[in-house]
Each structure stands twice: as C-alpha cells, then as structure tokens.
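# based on what follows, work out the 3D shape:
(one chain, ligands or ions: 3)
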Amino acid sequence: MARLVMKFGGTSVADIDRIRNVARHVKREVEAGYEVAVVVSAMSGKTNELVGWTRALAPMHDAREYDAVVASGEQVTSGLLAIALQEIGINARSWQGWQIPIKTDGAHGAARIVDIDGSKLVERLAQGQVAVIAGFQGIGPDNRIATLGRGGSDTSAVAIAAAIGAERCDIYTDVDGVYTTDPRIVPKAKRLDRVSYEEMLEMASLGAKVLQVRSVELAMVHGVRTFVRSSFDDPADPRLGDPRNPPGTLICDEDEIVEKQVVTGIAYSKDEAQISLREVADKPGVAAAVFVPLAEANINVDMIVQNVSEDGTTTDMTFTVPTTDFDRALKVLEGARAAIGYVNIQGSGDLVKVSVIGIGMRSHAGVAASAFKALASKGINIRAITTSEIKISILIDSAYAELAVRTLHSLYGLDAA
Ligand code: ADP
Ligand code: ASP
Ligand code: MG
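Numbering: from 1, shown residues only. Ligands and ions are numbered 1, 2, ... in the order given. Next up, the predicted model:
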C-alpha cells in the first residue's frame with residue numbers, strides 16, 4: 001500500500017478544534033487507502049514561549065537543557081492528535097523522535113538528522129496504525145533529545161518520507177501553497193503551481209520561512225515529492241483527495257516545470273546586520289585576519305563588499321552577519337583589532353535583504369540592472385549586493401523593506417491580475 005507523510009505546522013494545531021480538524025484531514029487520506037505517518041509541530045506560539053523561558057533563566061543556557069525544554073511542545077501535540085484520531089475511530093499511536101529512532105548529530109539546538117531507522121514505523125503502518133510523530137526532534141549521540149532548529153518539523157517530515165519511501169510529503173500550513181512572495185506582505189502575490197527544488201532552496205534560505213531550508217535540501221537529494229498546502233480547507237472537500245496533484249504547490253525537479261519564468265519569486269530577510277571596518281590596511285592577508293576569527297566563532301558572514309582603495313594603503317570593508325550574532329561578531333572583531341589593523345568599526349542592525357529568485361535568470365541578462373533602476377526610482381539606497389546564477393540579493397534600510405518587495409514584485413510581472 002502507498003505511504004503518505006502529512007505534516008501540520010503550528011497554526012494548524014493551534015487549539016483543540018484545529019487538532020480535530022487535522023484528524024479529519026488524516027481520516028480522509030486513511031480512507032483513500034494510504035498508510036499515513038503524520039508529523040506535528042507544537043501549538044503556534046508554544047515554542048517561542050518555551051525558548052523565552054530558557055532565555056529568562058540564563059541567556060547563555062546549556063543547549064542540552066534548551067532541547068529538553070523546547071522539544072516538549074511537539075510531545076503535547078503528538079499525543080493530542082493521537083487521541084483526536086482515536087476518537088473518530090482511527091487506530092493511531094504517538095511517537096517521539098527517540099522512539100523511532102530519528103538519530104541526529106550532537107549540535108544541540110540546530111541538530112542535523114544523520115539516520116532514521118524506519119523499520120518499526122513501517123511495521124506499524126502495515127498493521128493499519130497511523131503514526132503521529134513529534135516533529136522538530138530526534139536523539140543525539142549523547143542519548144539526549146536534540147532539536148533541529150526553528151521550523152525543523154518540515155525537515156522531520158521530509159526525512160521520514162524519504163526513510164519510509166512515501167509516495168508524497170504533504171506540508172499543511174496556514175497558506176495554500178508557495179507564493180511569488182510572502183502573501184502577508186504583498187496581497188497581490190500569486191500562488192505558484194510548481195517550484196523547482198533549487199528555487200525553493202534559495203527562497204527558503206533567503207527568508208521565505210514557509211519551508212525550513214534543510215527540508216528542501218533533503219527533498220532535493222532524496223527526490224521526495226513535496227506539496228505545500230492548506231490545513232484550513234474543508235477536510236471533506238472532495239477536491240482535496242487528488243492523489244497525483246493535490247491543491248497546493250509541488251516542489252519538484254526543474255524538468256517538471258513547463259513554463260519557466262525569468263523571475264519566480266521575491267524573498268526578504270530581516271535577519272541581517274551590517275558591520276563596516278573603516279580604513280583597513282590594504283594588503284594580502286587582511287581578509288583572512290577578519291573572516292577567520294569570525295568563522296572560528298561560528299559566525300556566518302553573508303554579503304561582503306570591499307572597496308578598492310584610492311591610495312593603495314587603506315580600504316573599507318563591509319559585510320553582513322545574522323542579527324543574532326551581531327554583538328558577538330563585534331566582540332570578536334574588537335578582539336582581533338591588532339591583527340586586522342582597522343581605524344574604526346561601525347555597525348547597523350536595521351537592515352533587510354531583499355532577493356529576486358528565478359532559474360530563468362541563468363539565460364536572461366539585465367534582471368539585476370532593472371531591479372537597481374526600479375529601486376532607485378523609489379529613492380531606495382542599496383548598501384550591498386550579491387548575486388548567484390539564479391538570484392540577486394540587495395541590502396537596504398529596513399524602513400524600505402515592503403516598498404522594495406512590492407516594487408520588485410510588480411517589476412517582474414508577478415502581481416496577480
Ligand atoms: P507552519 O507553522 O505551518 O510551519 P510557517 O509560519 O512556518 O508555518 O510558514 C508559513 C508562513 O510562511 C505563511 O503564513 C507566510 O506568511 C510565510 N511565507 C513567507 N514567504 C512565503 C511564500 N513565498 N509563500 C508562502 N508563504 C510564505
Ligand atoms: N515548533 C518548532 C518551531 O516553532 C518547529 C516547527 O514548528 O517546525 O520552530
Ligand atoms: Mg514552519
């Protein structure tokens with residue numbers, strides 16, 4: 001019998017009524033003949049509350065204990081959904097990460113899945129039992145609960161789909177698919193029928209939090225057919241049961257996309273802080289003196305701009321780091337001041353990175369130029385730019401974020417009619 005993974009995010013399990021609604025979605029697929037593994041997130045807002053408690057006690061808390069606390073939200077919803085399913089006559093059992101087991105590496109708080117033994121799960125599914133799995137968690141090499149980073153239930157779902165050879169992985173959320181940009185920012189955003197793995201990877205890593213980046217990587221590597229769809233649709237609507245093409249967005253191989261657009265979507269991320277080192281000595285080894293200590297402190301540097309010096313002696317160097325690492329980065333750089341040799345350091349946290357994504361950019365010139373022109377016409381100043389084959393990212397002041405996203409969305413013809 002074909003297997004199906006259904007994942008429900010926080011808003012989809014936000015309260016008891018929503019959990020009942022999820023149970024009805026699951027029932028529909030069971031009655032359609034699938035063996036179903038469900039992955040659930042914590043109730044919306046719960047994980048934030050749990051994280052807040054750990055921070056309130058100690059800003060630099062032990063990551064193992066953080067995991068012990070924050071993984072509990074998913075334990076609650078997995079049990080509740082199993083009860084809701086039993087109540088409507090569906091044989092169901094909850095599973096915590098360690099019971100499967102989902103094995104992770106030891107990076108507590110941001111662990112990666114290294115192995116899933118799907119055999120026990122497959123056995124139970126074959127007996128006609130729905131498995132309700134707590135997302136976001138696994139078990140580390142130290143035999144302790146490890147969580148997969150924020151938004152990690154998506155990754156749990158895709159990894160389980162790969163491990164049990166599921167026909168599909170349906171990601172149910174509070175929007176009915178992947179849009180050309182965040183529909184909460186641009187009401188004119190259009191739903192996409194299909195998005196390639198590569199584009200989705202860029203969109204997710206550049207700020208579209210509809211899927212966790214790692215889940216898209218896994219889907220791509222294992223060829224998991226992943227659908228993003230809404231849990232807010234009526235579970236009894238007969239159109240929802242289409243096994244080949246359920247309503248939503250399919251994340252798939254590029255060859256499965258017939259009509260390729262030049263630009264597929266616009267993403268934005270508020271998670272950028274800028275650091276500028278003024279009057280850095282312009283000589284070999286300086287970039288290493290700046291970036292090696294940051295790398296050693298596990299700080300990811302994203303955009304880098306280095307000016308050519310006028311006089312051949314000093315230059316300015318500007319780059320971005322995640323806002324959460326901003327203070328730490330400043331400390332590291334102050335510590336390395338003697339080795340780097342800069343005159344002063346400036347930082348700003350009030351920035352946003354807006355990105356234009358599309359596989360069609362590979363074969364179309366002028367996409368970046370038109371973006372710069374459109375932003376200039378709105379008086380938006382660009383602080384830094386990075387590009388790759390299929391994306392352009394532009395760093396601007398956060399006050400202009402929405403204007404920039406809307407401007408680019410219209411510019412590339414993405415607005416709904
Ligand atoms: P869940 O709790 O179900 O995991 P998330 O809040 O993590 O849901 O992700 C869904 C949200 O992602 C949507 O409510 C939407 O605001 C946001 N989002 C950002 N970019 C996009 C996009 N391009 N398409 C769809 N949703 C997006
Ligand atoms: N509950 C976790 C979070 O809020 C995991 C998830 O929802 O995917 O990050
Ligand atoms: Mg999510």
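# give me the distance between Lys391 and Arg406.
Remark: distance between Lys391 and Arg406 (Cβ to Cβ, to the nearest Å) = 19 Å. Using the backbone N, CA and C atoms, a C-beta is placed for each residue, glycine as well.
# for those two, indicate the residue with more neighbours.
Neighbour count, other Cβ atoms under 10 Å: between Lys391 and Arg406, Lys391 has more, with 24 against 19.
# the more buried one and Ile359 touch, don't they?
No - checked against Cβ atoms under 8 Å, the pair Lys391 and Ile359 is beyond contact range at 9.8 Å.
# residues of the stretch 51-200 of the chain that sit close to ligand 2?
Neighbours of ligand 2 within the stretch 51-200 of the chain, by Cβ under 6 Å from any ligand atom: Gly73, Gly135, Phe136, Arg150, Gly151, Gly152, Ser153, Asp154.
# poorly predicted segments of this protein, please.
Counting by pLDDT under 70, the chain shows no low-confidence range.
# center of it - which residue?
The structure's the chain has its C-alpha centroid closest to Gln212; by Cα atoms, centre = their mean the separation is 2.5 Å.
# element containing the closest residue to that one other than its chain neighbours?
Distances taken as Cβ to Cβ, 6 or more residues apart in numbering place Gly151 nearest to Gln212, at 3.8 Å, with adjacent residues excluded. Using DSSP states H and E, no element contains Gly151; it sits outside every helix and strand.
# look through the stretch 251-400 of the chain and state the residue closest to ligand 3.
As assessed by Cβ to the ion, ligand 3 sits closest to Ile251 within the stretch 251-400 of the chain, at 14.3 Å.
# element containing that residue, please.
Secondary structure (DSSP H and E) places Ile251 in strand 249-252.
# show me what contacts the closest residue to ligand 3 within the stretch 1-150 of the chain?
Nearest to ligand 3 in the stretch 1-150 of the chain, going by Cβ to the ion, is Gly9, at a distance of 4.8 Å. Contacts for Gly9 (Cβ atoms under 8 Å, 6 or more residues apart in numbering) come out as Ser41, Ser44, Ser153, Asp154, Ile171, Tyr172, Thr173, Asp174, Ser231.
# all strands for the stretch 101-250 of the chain, in order.
Using DSSP state E, counting those that start in this stretch, the strands of the stretch 101-250 of the chain run over residues 102-104, 113-116, 130-134, 137-139, 145-147, 168-173, 194-196, 226-230, 249-252.
# so which of these is nearest Glu65?
strand 145-147 (10.0 Å; Cβ to Cβ).
# name the residues of this protein found near ligand 1, please.
9-12, 41, 151, 173-175, 178-179, 181-184, 208-210, 265.
# emit the PyMOL select command for whichever of these are buried.
Here is the PyMOL command that picks out the buried ones among these, judged by 16 or more other Cβ atoms under 10 Å:
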select buried, resi 9+10+11+12+41+151+173+175+178+179+181+182+183+208+210+265
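# the stretch 151-300 of the chain: helices as residue ranges?
According to DSSP state H, counting those that start in this stretch, the stretch 151-300 of the chain carries its helices in the segments 153-163, 197-205, 213-222, 286-296.
# and the residue located most distally from the centre of the chain, how far is that from ligand 1?
Computed with Cα atoms, centre = their mean, the residue of the chain farthest from its C-alpha average is Asp311, at 43.7 Å. Asp311 sits 45 Å away from ligand 1, going by Cβ to the nearest ligand atom, to the nearest Å.
# same check, this time on Ser269
Distance from Ser269 to ligand 1, by Cβ to the nearest ligand atom: 10 Å.
# in the sheet, who's paired with that residue?
Residues in a beta bridge with Ser269, per DSSP bridges, are Lys353.
# list the contacts of whichever residue of the stretch 201-350 of the chain sits closest to ligand 2.
Using Cβ to the nearest ligand atom, the single residue of the stretch 201-350 of the chain nearest to ligand 2 is Gln212, 6.6 Å away. By Cβ under 8 Å, 6+ apart, the contact set of Gln212 is Leu148, Gly149, Arg150, Gly151, Gly152, Ser153, Asp154, Thr155, Ala204.
# how about the residues of the stretch 51-200 of the chain near ligand 3?
For the stretch 51-200 of the chain, the residues in contact with ligand 3 (Cβ under 5 Å from the ion) are Gly151.
# for ligand 2, what's its nearest residue on the stretch 51-200 of the chain.
Ser153 (3.2 Å).
# how about that residue, nearest residue that isn't a chain neighbour?
Leaving aside its chain neighbours, Ser153 sits nearest to Gly135 (2.8 Å; criterion: Cβ to Cβ, 6+ apart).
# what residues does stretch 272-284 touch?
Stretch 272-284 is contacted by residues 286, 290, 302-303, 309, 312-323, 325-326, 329-330, 333, 340-349, 351-353, 383-384, 395 when judged by Cβ under 8 Å, 6+ apart.
# list only buried entries from those.
286, 290, 302-303, 314-322, 325-326, 329-330, 333, 340, 342, 345, 351-353, 383-384, 395.
# thinking again about what came up before, tell me the contacts of the residue nearest to the residue of the stretch 251-400 of the chain closest to ligand 3 when sequence neighbours are not counted?
Among residues not flanking Ile251 along the chain, Thr226 sits closest, at 4.4 Å (Cβ to Cβ, 6+ apart). With contact taken as Cβ under 8 Å, 6+ apart, Thr226 is in contact with Val158, Ala161, Arg168, Cys169, Asp170, Ile171, Leu211, Ser215, Val216, Ala219, Leu250, Ile251.
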